[in-house]
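1. A structural model of the following input is requested.
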Amino acid sequence: MYLLRLALASLANRRFTAFLTAFSIALSVCLLLTVERVRTEARASFASTISGTDLIVGARSGSINLLLYSVFRIGNATNNIRWDSYEHYAKAPQVKWAIPISLGDSHRGYRVMGTNQSYFEHYQYGRKQNLQLAVGRAFASDPFEVVLGAEVADSLHYKLGDKLVLAHGVAAVSLVKHDDKPFTVVGILQRTGTPVDRTLHISLGGMEAIHIDWQNGVPARGAGRVSADQARNMDLTPTAITAFMLGLNNKISTFSLQRDINEFRGEPLLAILPGVALQELWSMMGTAEQALFIISLFVVLTGLIGMLTAILTSLNERRREMAILRSVGARPWHIAGLLILEAFALALAGVLAGLGLLYIGIAATQGYIQANYGLFLPLALPSAYEWSLLAVILLAALAMGTVPAWRAYRQSLADGLSINV
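-> Okay, the predicted model is just below:
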């Protein structure tokens, strides 16, 4: 105990150097824990980009491709699926709800998605969170109404009542626009931190209306064109959609219905479990995830090496201090133990300060990160894995402390200051 008091007194005597050393360790520990927590929560958030949906169904292709275009609005479907195929499974006894999805258009680089009221009622993200409107309402009977994601509204400065024109295709710049059928903004969704924020939502009738006078992929000319008012009075039931999502009455029936859909004889369909597909997609990014973690470990190692350098540098300046300690009866191993305790005290102070910085940072930015990135960082105690990382840091500090301790031990013997009894 007296060695610990002596070590703390010695550090207090060199308080400025000790503070800088502990602070560098604190920053590196804070970075390591931040990376680990963000990595863990990002995985959970990524897996919960869509939640509460049991199956996603689209044209037969690959599971990741289907997930990308139906959930993340990345890429395109290999083919559309017939409306009667959607109705067949939407009315199946195992199905509680169904959400149709129609893609293919855009607005200034943002994807447009056609759907129905079930999307606003049943689509969930995060921890079973439903979509909420920040202002306005969902689209109703008028096919030319649009509900914007939060990012679309913010970046393009749209508000309720504004008019906008959709473009054919998904390129940032499109030469073919549906300028004869403008849409009115009737609602803006609250920010979710998911691809919903970057999507313009219209009704299936609206998606059908803007293409009702198209033939062979090009708009009609002259008398063949259909105006917006004419389209409102026409049957706008779609003939095909891009994909649909299913929520089931009983989770037990998930695999049997998935098999039934994959073997559907009406047309080639693919049903995927979104959670499984998300894990497959995340595993493809595992290399970058591990690289980020390794970089943070090297930052911690750099902090510990800085501590080692500071202690080694001070050895020659402290020869007088150690000589005095030897003259009052301290053994060489006492000197060595003193330096090991100093290294441990610096590392412990750095670890505790790093934890403090982590929680201060989370408390200050938690709301902003969740609102803008959909990432929830809880103010929770460190997990068992995080505790093990901190324990490894302290053990590494002890191991590094043995280097100056051994040098001080040898130096103490060389000084010839042993006390004869």
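2. Quick one: residues contacting residue 53.
-> Neighbour list for residue 53: 99, 123-124, 245-247, 274 [criterion: CB atoms under 8 Å, 6 or more residues apart in numbering]. Where you see a C-beta, it was placed from the backbone N, CA and C, and this is true even at glycine.
3. Need the residues that contact stretch 205-218.
-> Outside of stretch 205-218, the residues within contact range by CB under 8 Å, 6+ apart are 102, 104-105, 112, 114, 139, 143-146, 166, 176, 178, 181, 183, 219-220, 224-226, 228, 231-232, 234, 236-238.
4. And residue 147, which helix or strand is it part of?
-> The secondary structure element spanning residue 147 is strand 145-148 (assigned by DSSP states H and E).
5. What of residue 295?
-> When elements are defined using DSSP H and E, residue 295 is found to belong to helix 286-315.
6. list the buried ones in that helix?
-> Under the neighbour-count criterion of 16 or more other CB atoms under 10 Å, helix 286-315 has 296-297, 299-300, 303-304, 306-308, 310-311, 314 buried.
7. what's the closest of these to residue 393?
-> Each of those was scored against residue 393 by CB to CB, and residue 300 proved nearest at 6.1 Å.
8. Look up how far residue 276 lies from the nearest residue to the closest one once chain neighbours are set aside.
-> For residue 300, ignoring the flanking residues on the chain, the nearest one in space by CB to CB, 6 or more residues apart in numbering is residue 28 at 4.4 Å. For residue 28, the distance to residue 276 under the criterion CB to CB, to the nearest Å works out to 37 Å.
9. got it, and residue 284?
-> From residue 284 over to residue 276 (counting by CB to CB), the distance is 14 Å.
10. List of residues touching the helix or strand that residue 118 is a member of?
-> Taking DSSP H and E as the criterion, residue 118 maps to helix 117-122. Applying CB under 8 Å, 6+ apart, the contact partners of helix 117-122 are 52, 97-100, 130-131, 138, 147, 201, 247.
11. ditto for stretch 362-382
-> 33, 37-38, 41-42, 45, 49, 125-127, 191-194, 355, 359, 390.
12. Now, of the residues you listed, which are buried?
-> Buried residues within the contacts of stretch 362-382, counting neighbours by 16+ other CB under 10 Å: 33, 37-38, 41-42, 45, 49, 125-126, 191-194, 355, 390.
13. picking that back up, could you pull up the contacting residues of the residue nearest to residue 300?
-> Applying CB under 8 Å, 6+ apart, we find residue 28 in contact with 296, 299-300, 302-304, 350, 354.
14. Which two of those residues have the greatest separation?
-> Pairwise distances across the contacts of residue 28 peak at 14.6 Å for 296 and 350 (criterion: CB to CB).
15. Hmm, residue 23 is touching residue 352, no?
-> No. In this structure, residue 23 is not within contact of residue 352 by CB atoms under 8 Å, at 11.8 Å.
16. Could I get the full set of helices for the chain?
-> Counting by DSSP state H, the chain forms helices over residues 2-13, 15-47, 63-71, 83-90, 117-122, 150-156, 204-210, 228-232, 254-262, 274-284, 286-315, 319-327, 332-373, 384-414, given from the N-terminal end onward.
17. Name the spans of the protein whose pLDDT lies under the cut-off.
-> 1-13, 171-175, 216-218, 220, 222-224, 285-286, 312-336, 370-375, 405, 408-421 (pLDDT under 70).
18. mind listing what the lengthiest strand in it pairs with, with the direction of each?
-> Ranked by residue count and defined by DSSP state E, the top strand of the chain is strand 95-107. Strands flanking strand 95-107 in the sheet, each with its direction: strand 110-115 (antiparallel), strand 167-168 (antiparallel), strand 243-248 (antiparallel) (DSSP bridges).
19. Need the ones you listed in CSV (columns: mean neighbour count).
-> Listed next are the strands paired with strand 95-107 as CSV, based on neighbours: other CB atoms under 10 Å:
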stretch, mean neighbour count
strand 110-115, 23
strand 167-168, 20
strand 243-248, 22
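20. Show me the one of these that comes nearest residue 62.
-> So among the strands paired with strand 95-107, strand 243-248 is nearest, using CB to CB, at 13.2 Å.
21. now the closest one, how far from the chain's geometric center?
-> The chain centre lies 24 Å from the centre of strand 243-248; the measure is CA atoms, centre = their mean, to the nearest Å.
22. Thank you, goodbye.
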